[in-house]
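[1] sequence below, structure please.
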Amino acid sequence: MKPIFFFITLILLVSSVSAQSPDKSITARVDEIFARWDKNDSPGCALGVIKDGKLIYTRGYGMADLEHNVPLTAQSVFYIASTSKQFTAANIALLARKGTLSLDDDIRKYLPELPPYEGTITVRHLVHHISGLRDYLELTLMRGGSFEDYIDNNDAIELIARQKALNYKPGEKYLYSNSNYVLLAEIVKRASGKSLREFAMENIFQPLGMNHTHWDDDRSMIVKNRVVSYGVGKITPWQHFIKNINAVGDGNLLTTIEDLAKWDQNFYDNKVGGAGFTEYLLTRGKLNNGEVLAYAFGLGRDEYRGLKIISHAGGFLGFRTQLIRFPEQKFSVICLCNAGTINPVNLSEKVADIFLADQFKAETKKPMPPVNQTKPPLSFTVPATQLNEFVGSYYSSELDVTYKFIVSDGKLTLKLAHQNSYTLMPQAQDQFTFIAGTMLFLRNEKAQVTGLNFDGGRVKGLRFEKRTN
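    Down below sits the predicted model:
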């Protein structure tokens with residue numbers, strides 16, 4: 001009787017699962033999207049498709065670890081980069097709803113080591129990326145570092161605290177900065193008395209049964225099924241990146257497709273956070289002038305092909321990640337990839353195109369912008385003899401680093417310690433650009449070059465003083 005009972009139960013179980021699974025013709029089309037990575041000599045992606053709170057399709061395409069021949073699966077443990085930010089923000093939201101902190105608290109209440117700036121930076125400013133704080137990762141590169149260098153939260157906070165100025169006054173603009181979320185992680189620790197890892201484990205991950213998820217604040221910890229990330233190799237087709245970062249908050253959450261599906265379900269049932277938690281997390285930021293932003297609590301609110309979406313992507317080293325949710329359709333796509341050449345945002349949208357093909361709304365075509373009939377400006381040139389005015393060493397106290405400029409082959413060249421040289425291209429009087437940003441050399445009343453201002457993508461107005469010729 002027992003074998004028969006077991007066989008009947010198995011049939012019922014399989015029938016139940018298959019009833020929730022998409023048609024094979026659909027999954028075949030999905031698999032085709034990832035076919036180029038679905039082989040044993042390539043990194044790739046893990047995919048999860050969720051409908052009505054159920055994982056209806058999961059697949060691994062490619063390898064989690066090429067060196068040890070480990071394939072990708074829904075149980076593979078990924079570093080999800082900035083897709084992590086929604087979890088940091090959720091911890092802040094939990095503390096705010098409990099009254100442990102206020103979103104309108106001055107962050108120096110928790111972080112007194114930060115200098116006073118022009119205007120108070122609040123916790124709310126950090127959540128919505130409107131603080132004006134310079135991005136610590138970009139600052140790390142500007143001082144000659146690498147993303148493969150060791151860095152933890154203490155290192156990040158020390159670098160942020162060295163900054164004497166902001167990119168702009170708090171609340172004036174939106175500019176995405178990883179510094180905001182590293183500081184939020186430290187605020188969780190100082191307000192609750194528990195590290196972000198401990199607080200999140202007790203208040204989010206354990207209650208939701210996310211048993212393979214944690215903040216990776218200890219790089220020496222052995223993590224089963226950990227995924228390695230890759231970039232294009234110089235000798236072999238792929239080379240792996242060395243992840244030494246211990247900093248958490250802006251990234252560094254380790255998790256799986258299956259665990260993220262449990263978090264996705266919490267969006268609808270609010271098992272963690274209680275009634276109204278989702279609405280709280282979807283509160284948009286607002287600038288000083290009243291403009292409402294698309295960025296909420298570590299989540300972007302937007303539309304795709306006429307349907308509302310909530311999403312956040314991530315990228316660091318060779319990891320590329322995306323979690324996109326269509327709330328009105330109760331449909332989500334999770335795409336976690338381990339090669340820097342892969343675009344999971346585009347892939348997730350292609351998957352959604354298949355499953356939601358009959359639900360997309362007609363898109364209104366935006367009018368084409370008028371063609372610019374003006375001629376492009378002629379390139380700016382600086383005589384080689386004048387380039388010598390910029391030669392010398394320049395020091396930044398905010399980075400504690402010296403930049404050395406020389407003239408090489410008739411061009412102004414920047415030399416950084418432990419990095420390659422960079423050729424600067426003249427754009428205007430005393431202004432040069434290169435891959436990392438724009439440098440404007442400064443002069444005194446005698447027209448002598450005395451320093452420079454460096455503007456990068458997420459770092460503005462970084463000052464260097466000229467020390468030697």
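[2] drop to CA atoms for contacts and neighbour counts, all remaining ones
    Will do.
[3] residues in contact with Lys466?
    Lys466 is in contact with 392-395, 449-452, counting by C-alpha atoms under 8 Å, 6 or more residues apart in numbering.
[4] which members of these are the farthest-apart pair?
    Of all pairs drawn from those, the greatest distance, 13.5 Å, lies between Tyr395 and Val449 (C-alpha to C-alpha).
[5] hmm, back to that, which among the contacts of Lys466 gets closest to Leu281?
    Leu452 (41.1 Å).
[6] C-alpha coordinates for stretch 394-402, PDB please?
    This file holds the C-alpha atoms of stretch 394-402, laid out as PDB (Å, rounded to 0.1, in the frame of the first residue of the first chain):
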ATOM      1  CA  TYR A 394      49.000  68.600  -7.400                       C
ATOM      2  CA  TYR A 395      47.800  67.500  -4.000                       C
ATOM      3  CA  SER A 396      44.300  66.800  -2.700                       C
ATOM      4  CA  SER A 397      43.800  66.700   1.000                       C
ATOM      5  CA  GLU A 398      40.400  65.200   0.500                       C
ATOM      6  CA  LEU A 399      41.900  62.200  -1.200                       C
ATOM      7  CA  ASP A 400      45.400  62.400   0.400                       C
ATOM      8  CA  VAL A 401      46.800  61.700  -3.100                       C
ATOM      9  CA  THR A 402      49.200  63.500  -5.500                       C
END
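[7] tell me if Phe405 really is in a strand.
    Yes - per DSSP: H, G, I helix; E, B strand; the rest coil, Phe405 lies within a strand segment.
[8] okay, and which of the contacts of Lys466 map to strands?
    The strands, defined by DSSP state E, take in 392-395, 449-452 from these.
[9] thought Lys411 was touching Ala384?
    Yes - assessed by C-alpha atoms under 8 Å, Lys411 is found in contact with Ala384 at 7.2 Å.
[10] name the residue in the two with the higher neighbour count.
    More crowded of Lys411 and Ala384, by other C-alpha atoms under 10 Å: Lys411, with 17 against 14.
[11] okay, the contacts of Lys466 in TSV with pLDDT next?
    Below are the contacts of Lys466 laid out as TSV (pLDDT from 0 to 100):
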residue	pLDDT
Gly392	95
Ser393	96
Tyr394	96
Tyr395	96
Val449	96
Thr450	97
Gly451	97
Leu452	97
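[12] so which of those residues is surrounded by the most neighbours?
    Within the contacts of Lys466, most neighbours by other C-alpha under 10 Å means Leu452, with 23 neighbours.
[13] is that one in a bridge, and if so with what?
    Phe441, Phe464 (DSSP bridges).
[14] OK, contacts around it?
    394, 439-442, 463-466.
[15] closest to Ser192 among these?
    Distance to Ser192 across these (C-alpha to C-alpha) is lowest for Arg463, with 36.4 Å.
[16] that closest one touches Thr450, doesn't it?
    No - in this structure, Arg463 is not within contact of Thr450 by C-alpha under 8 Å, at 10.8 Å.
[17] what's the neighbour count on Asn346?
    With other C-alpha under 10 Å as criterion, Asn346 counts 12.
[18] which pLDDT value goes with it?
    You'll see Asn346 listed with a pLDDT of 97.
[19] for the strand or helix carrying it, buried residues please.
    Using DSSP states H and E, the secondary-structure element containing Asn346 is helix 344-355. Using 16 or more other C-alpha atoms under 10 Å as the test for burial, helix 344-355 gives 344-345, 347-348, 351-353, 355.
[20] next one: stretch 258-274
    In stretch 258-274, counting by 16+ other C-alpha under 10 Å, buried: 258-267, 272-273.
[21] quick check: closest non-adjacent residue to His212.
    The shortest distance from His212 to any non-neighbouring residue, by C-alpha to C-alpha, 6 or more residues apart in numbering, is to Thr255 (5.8 Å).
[22] now do Ile160
    Closest to Ile160 by C-alpha to C-alpha, 6+ apart is Tyr136, at 6.2 Å.
[23] okay, now that neighbour: neighbour count?
    23.
[24] now it: phi and psi?
    For Tyr136, the backbone dihedrals are phi -70, psi -30 (criterion: degrees, to the nearest 10).
[25] does it touch Ala161 like I think?
    No - when contacts are counted by C-alpha under 8 Å, Tyr136 is not listed as touching Ala161 (10.0 Å).
[26] could you chop the chain up by domain?
    For the chain, automatic domain parsing gives the domain ranges 78-355, 384-468.
[27] end to end on the last one, go ahead and measure it.
    Read it as domain 384-468. 20 Å (C-alpha to C-alpha, to the nearest Å).
[28] give the buried residues for stretch 197-211.
    In stretch 197-211, counting by 16+ other C-alpha under 10 Å, buried: 197, 199-201, 204-205, 208, 210.
[29] ok, which pair from those is furthest apart?
    Arg197 and Leu208 (15.0 Å).
[30] show me where the stretch 301-450 of the chain has its strands.
    For the stretch 301-450 of the chain, applying DSSP state E, counting those that start in this stretch gives strands covering 307-316, 319-326, 331-337, 392-396, 401-408, 411-415, 421-423, 425-428, 431-434, 437-443, 449-455.
[31] name the stretch among those strands that sits most buried.
    Scoring those by mean neighbour count under mean count of other C-alpha atoms under 10 Å gives strand 331-337 as the most buried, with a mean of 29.
[32] skipping adjacent residues, who's closest to Tyr79 in space?
    Leu254 is the one closest to Tyr79 (C-alpha to C-alpha, 6+ apart), at 4.7 Å.
[33] which SSE is that neighbour in?
    Counting by DSSP H and E, Leu254 is part of strand 253-255.
[34] could you identify the helix or strand that succeeds that strand?
    Moving toward the C-terminus from strand 253-255, the next element (DSSP H and E) is helix 257-269.
[35] for the next helix or strand after that next one, give the mean pLDDT please.
    Once the chain leaves helix 257-269, the next helix or strand it forms, by DSSP H and E, is helix 277-281. Here helix 277-281 scores 98 as its mean pLDDT.
[36] helix 277-281 - contacts with which helices or strands?
    Applying 3 or more C-alpha pairs under 8 Å, 6 or more residues apart in numbering; DSSP states H and E, one finds that helix 277-281 contacts helix 85-98.
[37] output the contacting helices and strands for the helix it packs on.
    Right, helix 85-98 is packed against helix 178-192, helix 196-200, helix 277-281 by 3+ C-alpha pairs under 8 Å, 6+ apart.
[38] and Phe464, how close does it get to Ser42?
    44 Å.
[39] so these two - more neighbours on which side?
    Using other C-alpha under 10 Å as the criterion, Phe464 and Ser42 rank with Phe464 on top: 24 against 21.
[40] and the closest residue to Thr283 other than its chain neighbours, what pLDDT?
    Closest residue to Thr283 apart from its sequence neighbours, by C-alpha to C-alpha, 6+ apart: Ala296 at 5.2 Å. Listed pLDDT for Ala296 reads 98.
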